[in-house]
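# this one's sequence-less:
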């Protein structure tokens, strides 16, 4: 988990905003910031980024045109950074668009982290205008870090979701287990992953997912690295595990295929990915995915 | 993260049910199990456990009296284990009751894990009868592992929440940082903790929480152990970090106090906790909390 063991920063981490937690509770301070011109609006197209020469674009708060605002934090000059909640139909919970995948290659680490935070947070608001307890309307609260049911008989508080996902490199006898989902690009194989469920530890979630998807048992689960993944609000928890056997039984509702790759095959595919090319045995995931880090660390033995 | 380094199992882990993920998708198989007498109902009092001689009590499915049922998994005899969704007013999101804290001391690891899963899952259903996207009614789906909006114009799918929380032992010059929340029992001090937010990694969440609550910077964040904590649906992610300085600035909205304790003070308080007593310098958390494991591992240097 030491950052020294990572070959490059994990995408969507390294945000430069000060989240300034105490200000969220202070409606007067936030209002003064907005009224006093000490605030900027992150320009979004729904929940997609607006970029100029590979950088996020900021505008006057007035450009939010009355939309609800969330407080992302303070920028390096002490100005408030805000984003506007889009209409629900301009939010969605799907994977990144092709344009966004491409933009991830050019945008700075700090901008990507700010965008990821904004996307998760405004998307959650767009999809939580009503109270799941009673069906009534909710109102934005605490600078956008809470929604509260406005019915005094209910009054439930709701908080932005962050969904933990386990994603794991699995090794057996020097080979690495990788699989492909039907939605992947052609020839892409990556580490297996799945949501952590209520009532299980991280280690148990890793073992369950590998058993469900590949039909094998693992042990020696080790935590490796984490990544916020704003599609819509995952926390990727990267682990490594050792498989106790080799014969796979693939869950075909989740995976199109899964197989063992040799160290040489993985090394060749990762080197090809660095050149922007597909590998010989398979196409490796891009460096913006935590899977890239898990595979890179497995190759480097760290 | 190797289980070998843990002095005892982490409470709420070690569930013996097979979650049988594939059955969740199969309404016919679940219906046949319920109709054919190959299913049992976990008896709950709202979301509190019903115990007989320290063990969970199971009953006939008919005792659910028409309440919605969630499929917890298959027991060791291949029977379906189900739990009933209580009315919302019999669910709540607060910490464990005094009775439940006491019961945690006598209930088996497998029973505690089954109960934790059931509590998180039925509590989530009780508080999610409506669609946060449109305010309409939702229907239980996939054996209780999903709710779906019944309005065809919306049709949103909702999944049980699991909220990642960082909790961390923080060391400086051989001493350990512990704090107390106002709701703690008298003299109790424990490791600091807080929810992971959208747009940050686990490591960043640890650093932010320590900075917010104690006013100090940390580095060398290391993952230690995890725990599902069903109050209502947390995933505790236990870490260790090294503080770069010693002077604390305490966030008094979150903490009543925080201070450094020596290794001898922590060792004495942990030994006292084993005897069911409070320590001299402070009262250590119980062994059911992941904080106990973090403090125990810090003492043992593993």
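Here it is on my side, so go on. Computed from a predicted structure; not experimentally measured.
# C-alpha only now, for contacts and for neighbours.
Fine.
# wait, residue A:290 sits on residue A:236?
Yes. With contact defined as Cα atoms under 8 Å, residue A:290 and residue A:236 form a contacting pair (7.4 Å).
# neighbour-wise, which of the two wins?
residue A:236 (28 against 25; other Cα atoms under 10 Å in any protein chain shown).
# that's a strand at that one, yeah?
Yes. Read with DSSP: H, G, I helix; E, B strand; the rest coil, residue A:236 is one of the residues of a strand.
# What helices and strands are in contact with the longest helix that chain A contains?
Longest helix in chain A by number of residues (criterion: DSSP state H): helix A:109-126. Under the contact criterion of 3 or more Cα pairs under 8 Å, 6 or more residues apart in numbering or on different chains; DSSP states H and E, helix A:109-126 touches strand A:55-56, strand A:69-74, strand A:80-84.
# With respect to residue B:277, which of those strands lies nearest?
strand A:69-74 (43.8 Å; Cα to Cα).
# Packing partners of that closest one?
Against strand A:69-74 (3+ Cα pairs under 8 Å, 6+ apart) you get strand A:80-84, helix A:109-126.
# swap the cut-off to 7 Å and go again
Here strand A:69-74 touches strand A:80-84, going by 3 or more Cα pairs under 7 Å, 6 or more residues apart in numbering or on different chains; DSSP states H and E.
# tell me the average confidence for the next helix-or-strand element following the strand it packs on?
Later in the chain than strand A:80-84, the nearest helix or strand by DSSP states H and E is helix A:98-104. Mean per-residue pLDDT for helix A:98-104: 91.
# SS state for the nearest residue to residue A:272 once chain neighbours are set aside?
Leaving aside its sequence neighbours, residue A:272 sits nearest to residue A:279 (Cα to Cα, 6 or more residues apart in numbering or on different chains; 5.3 Å). Each residue gets one of three states, and residue A:279 gets coil by three-state DSSP.
# Residue A:145: what's it in contact with?
A:159-160 (Cα atoms under 7 Å, 6 or more residues apart in numbering or on different chains).
# Look up phi and psi at it.
Backbone torsions of residue A:145, given as degrees, to the nearest 10, read phi -100, psi 10.
# Which pLDDT value belongs to it?
98.
# do the same with residue A:3
Predicted confidence (pLDDT) for residue A:3: 51.
# The residue nearest the centre of chain A: what's it in contact with?
In chain A, the C-alpha nearest the mean C-alpha coordinate belongs to residue A:229, at 0.4 Å (Cα atoms, centre = their mean). Residue A:229 is in contact with A:235-236, counting by Cα under 7 Å, 6+ apart.
# how does it look with 10 Å?
Contacts here follow Cα atoms under 10 Å, 6 or more residues apart in numbering or on different chains; on that basis residue A:229 touches A:11-13, A:95-96, A:113, A:116-117, A:119-120, A:162-165, A:235-236, A:288-290, B:198-201.
# now residue A:34
Residues near residue A:34 by Cα under 10 Å, 6+ apart: A:28, A:40-41, A:60-62, A:79-82.
# Next one: it from chain B, what distance?
Residue A:34 is 23 Å from chain B, where distance means Cα to the nearest Cα, to the nearest Å.
# how about that residue, secondary structure?
helix.
# From residue A:115, how far out is it?
20 Å (Cα to Cα, to the nearest Å).
# again, but for residue A:181
With Cα to Cα as the criterion, residue A:181 and residue A:115 are 26 Å apart.
# As a check, name the ranges of all helices in chain A.
With DSSP H as the criterion, chain A has helices spanning A:21-24, A:27-35, A:98-104, A:109-126, A:202-214, A:263-274, A:290-300.
# Most tightly packed of those helices?
helix A:109-126 (a mean of 25; mean count of other Cα atoms under 10 Å in any protein chain shown).
# now for the helices of chain A, which one comes closest to residue B:272?
Of all these, helix A:202-214 comes closest under Cα to Cα, at 30.0 Å.
# hang on, the earlier thing: list the contacts for the residue nearest to residue A:272?
Per Cα under 10 Å, 6+ apart, neighbours of residue A:279: A:187-188, A:265-273.
# Ranking helices and strands of chain A by mean pLDDT, which lands last?
helix A:98-104 (a mean of 91; mean pLDDT, DSSP states H and E).
# Give me the residues contacting it.
Identification of contacts with helix A:98-104 by Cα under 10 Å, 6+ apart yields A:11-12, A:48-49, A:51, A:54-55, A:95-97, A:107, A:111-112, A:286-288.
# Looking at those, which is nearest residue B:206?
Closest to residue B:206, out of all of these and judged by Cα to Cα, is residue A:12, at 16.3 Å.
# and the gap between the residue nearest to residue A:272 and residue A:299?
Taking Cα to Cα, one finds residue A:279 at 15 Å from residue A:299.
# can you check residue A:207 too?
Applying Cα to Cα to residue A:207 and residue A:299 gives a distance of 22 Å.
# ditto for residue A:265
11 Å.
# Next: residue A:184.
With Cα to Cα as the criterion, residue A:184 and residue A:299 are 23 Å apart.
# now residue A:183
26 Å.
# Identify the contacts common to residue A:265 and residue A:299.
residue A:176.
# where does chain A dip in pLDDT?
A:1-4 (pLDDT under 70).
# Could you spell out the sheet neighbours of the top strand by length along it, each with its direction?
The residue-count maximum for a strand in chain A (DSSP state E) belongs to strand A:218-229. With DSSP bridges as the criterion, the sheet partners recorded for strand A:218-229 are strand A:234-243 (antiparallel).
# just how off-centre is the strand it pairs with within its chain?
Relative to its parent chain, strand A:234-243 has a centroid offset of 14 Å by Cα atoms, centre = their mean, to the nearest Å.
# returning to what we had before: show me just the buried residues among the contacts of residue A:34.
With neighbours counted by 16 or more other Cα atoms under 10 Å in any protein chain shown, these contain buried members at A:40-41, A:61, A:79-82.
# Widest-spaced pair of those?
So, those by Cα to Cα: farthest apart are A:61 and A:79, at 11.7 Å.
# Need the residues touching each of those two.
A:34, A:37-40.
# could these go into CSV alongside distance to residue A:253?
Output for the shared contacts of residue A:61 and residue A:79, formatted as CSV (distance: Cα to Cα, whole Å):
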residue, distance to residue A:253
A:34, 49
A:37, 52
A:38, 51
A:39, 47
A:40, 45
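# In contact with the residue of the stretch 151-300 of chain A found nearest chain B: list those residues for me.
Closest approach between the stretch 151-300 of chain A and chain B, counting by Cα to the nearest Cα: residue A:199, at 4.1 Å. Taking Cα under 10 Å, 6+ apart, we find residue A:199 in contact with A:205, B:12-15, B:112-121, B:162, B:227-230, B:233-235.
# Residue A:193 too?
A:165-169, A:179, A:205-206, A:209-210, A:213, A:236-239, A:291 are the contacts of residue A:193 under Cα under 10 Å, 6+ apart.
# How much space separates it from residue B:225?
19 Å.
# go on, residue A:184?
32 Å.
# More neighbours: which of the two?
residue B:225 (26 against 13).
# what bridges to the more buried one?
On the basis of DSSP bridges, residue B:225 is bridged to residue B:238.
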